[in-house]
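Trainee: Just a sequence and a predicted model for now, questions to come.
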Amino acid sequence: MPLRTGRALTRRQLPWRRGGPLALWAVLLVVAAALVAPAVPARAADSLLSQGRAATASSTESSAFPASDAVDGDTGTRWSSAFSDPQWLQVDLGSTVTVDRVVLNWETAYAKAFQIQTSADGTNWTTLYSTTSGTGGTQTLDVSGSGRYVRMYGTQRATQWGYSLWEFQVYGTPGGNGGGTPPPTSDTPDFGPNVKIFDPSMSASSIQSTLDSVFATQQSNQFGTERDALLFKPGTYSVQANIGFNTQIAGLGLSPDDTQINGYVTSDAGWNNGNATQNFWREAENLSITPPSGTDTWAVSQGASLRRVDVHGELKLDPSGDGWSSGGFLSDSRVSGQIFSGSQQQWMTRNTDFGSWSNGVWNQVFVGDPNAPATSFPNPTYTTVAQTPYSREKPFLYVDGSGDYHVYVPSLQQNTTGPTWTGGTTPGTSLPMHDFYVTRPGDSAETMNAALAAGDDLLITPGVYHLDQTLQVTHPDQIVLGLGLATLVPDGGVTAISTADVNGAQIDDLLIDAGTTDSAQLVQMGTPGSTASHASDPQSIEDVYVRIGGDGVGKATDSLVVNADNTIGDNLWLWRADHGSGVGWSSNTADTGLIVNGADVTMYGLAVEHYQKTEVLWNGNGGRTYFFQNENPYDPPDQASWMDGSTDGYPAYEVAPGVTSHEAWGVGSYCYFDVDPAVVNDHAFQAPDAAGVSFHDLLTVSLGGVGTIDHVINSAGAAADSTTNNVYLTNYP
């Protein structure tokens, strides 16, 4: 396995600039210069600091063109001023920064004469750039200065209209007067109070006491603020681990078999009278489990992950007493005996070797599983794809024999079956822990962005982190990895986290909890208009869960927007809450869960629920989805409140007009209109009738007959209603 042990050799020291071609030319120019000139210090990569920050302006043409539209990352929205001189647009970066570049993307109404200015207080301004011969279009200005506020001050318009900017982008480094200082890193970091690390020298009774204490807090703590990671160093343990909400249990070896649990690793539903349909937000990974009775129980629903486990025996996926359960995700694992899915309404299994499979309710999907049952949808409801075409397993933390920590980053895999680790070490790269800034609860977005701007990766330890600025992932192959359901809450309507249009960026293991002020989007992969191919090193987002409401009022227009080509999504649950607090048609508002603009994007194990308009909108060509689970919003107050133009309701999954290639396997949508059972959704799926667009194994369900879905896809398929609850369609067209 490739190991990187010296800081000088890591990717962080390369003089990358934004964008693949620019990065390549920058490296070539540096090498050429070194042959003819003395070495000079490389310029540190700058970061986009303005996106999602608070913006104000001297005026607006109308409410349709607010100042915020110039810093939202969307080149289809703009700020436009009144038709007079002078006018200004300014952005508050939240703290003093070093500014070295400003990009203005003008609409037709541009400035002939303007200045770029900075200020520490928003009152006293210093001019960094001035011109009386502005050209319009896209202007990239190299500047040098510092300040918290940056503005464009226009003194002469080039047209009879006002000043209008599609985007106003400020680049630099956090911290003024010479640039921000990234926080310290270490190979043996302090992971903070919410990470419990066990080793074989500890007594079984003390370990068991800690496990029991965490479970006592988390068993029914669905919307609490506590977060926990339970990590076991390589060795053998005789313990019973019950896993509740907001908890991750994981081994710290390079292989699951390095950490042996002679006992149970269990998720059950005693807290909810044997009903596991709310067993969300929990994870188990990188462990070998030998259950004393021969059967381990992992009864979960959405927002749960079981990865890299080696179960010596059988695995039961529904709760004790065979109560209800509603979805889950299993990947890169081995189970020696039978997997009994029991009451699981839907389930996704990928790259897992198991003895046999039993049972299934509505939608069980197998991809790259060597012993999976054959496709037999809808009786039984099995959909099987022989190979996983394009995937990357999630990075994981491990410790070596010297006590140093590392993060292992599995490589891109194509056309695979079975687990990555049963034939030896998973193909990939080991990163030293000093490549990562390890957060502590209470860390600010500014601190985390300083680390990202310096080229560090982020390991976000368990806790709830309020963000007043967007976390900006701008370097190739940069990783943001959470532990213990670490939670990001964007305040003031900012985007929680975004990536640039670079190779290999990864966002993993996070819960994104919408704030009380509407965010235009919560997560953005790639910048709007991204066109670079990342086929050889794709961006990926794994085990990321979005929550809008439930623990209080939350608002977000769109949850996840994927702009980068070739992005891989793996086990995503995007949820507008249907229970908890802050829940209501006009309270936890959210239009769309997923928008895909990039080409050749692949999704495995996608669940999107209860959004108020089209729940998934796929605009890019070459898309593939393996397993989709959806529930329409429960709470439209009446039909008139839930209309897509003149059409009843909105599709759960729409492939946009003009898309010529798209394919999906094992997709289901359910309705339960409990506020007004007379509400109708005309169709669950919508797609153009094109030769390259096809769906396999679709279903609609009227849960308990409460509400109606008239058609499965477009005008095909019978109605799911109080008479016929379940409707199946094997292929479309």
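Mentor: Perfect, thanks for sending it.
Trainee: so how far is stretch 251-259 off the chain centroid?
Mentor: Relative to its chain's centre, stretch 251-259 lies at 26 Å (Cα atoms, centre = their mean, to the nearest Å).
Trainee: can you check stretch 344-354 too?
Mentor: 21 Å.
Trainee: That stretch - what's its average pLDDT?
Mentor: For stretch 344-354, mean pLDDT rounds to 97.
Trainee: for stretch 199-218, same thing?
Mentor: 98.
Trainee: can you list the weak-confidence ranges in the stretch 1-150 of the chain?
Mentor: Applying pLDDT under 70 to the stretch 1-150 of the chain flags residues 1-45.
Trainee: any idea how far Asp600 is from Gln539?
Mentor: In this view, Asp600 and Gln539 are 12 Å apart by Cβ to Cβ, to the nearest Å. In short, each C-beta sits where N, CA and C put it, glycine included.
Trainee: Give the intersection of the neighbour lists for the two.
Mentor: Counting by Cβ atoms under 8 Å, 6 or more residues apart in numbering, the residues touching both Asp600 and Gln539 are Asn566.
Trainee: Counting neighbours, go ahead and name the busier of the two.
Mentor: Remark: of Asp600 and Gln539, Gln539 carries more neighbours, 32 against 19, as counted by other Cβ atoms under 10 Å.
Trainee: Pretty sure that one sits against Met525.
Mentor: Yes. Using Cβ atoms under 8 Å as the test, Gln539 is close enough to Met525 to be in contact (5.5 Å).
Trainee: what touches both of these two?
Mentor: Common contacts of Gln539 and Met525 (Cβ under 8 Å, 6+ apart): 499, 505, 564, 567.
Trainee: give the contact list for the last one.
Mentor: With contacts defined as Cβ under 8 Å, 6+ apart, Thr567 is in contact with 525-526, 534, 538-541, 598, 601-602.
Trainee: now with 7 Å?
Mentor: Thr567 makes contact with 525, 538-540, 598, 601, according to Cβ atoms under 7 Å, 6 or more residues apart in numbering.
Trainee: Show the pLDDT at Asn415.
Mentor: pLDDT, Asn415: 98.
Trainee: Excluding chain neighbours, what is closest to it?
Mentor: Gln387 (4.8 Å; Cβ to Cβ, 6 or more residues apart in numbering).
Trainee: That neighbour and Gln413 touch, don't they?
Mentor: No. Counting by Cβ atoms under 7 Å, Gln387 sits too far from Gln413 to count as a contact (10.1 Å).
Trainee: Between these two, point out the one with more neighbours.
Mentor: Taking other Cβ under 10 Å, Gln387 and Gln413 do not tie; Gln413 has more neighbours (19 against 15).
Trainee: Against Arg334, how distant is that one?
Mentor: As judged by Cβ to Cβ, Gln413 and Arg334 stand 16 Å apart.
Trainee: what do you get for Leu128?
Mentor: Computed as Cβ to Cβ, the Leu128 to Arg334 distance reads 59 Å.
Trainee: Also Asp551?
Mentor: Taking Cβ to Cβ, one finds Asp551 at 36 Å from Arg334.
Trainee: With Val480 instead?
Mentor: 29 Å.
Trainee: Equivalent analysis for Cys671, please.
Mentor: In terms of Cβ to Cβ, Cys671 sits 37 Å off from Arg334.
Trainee: ditto for Asp404
Mentor: Counting by Cβ to Cβ, the gap from Asp404 to Arg334 is 28 Å.
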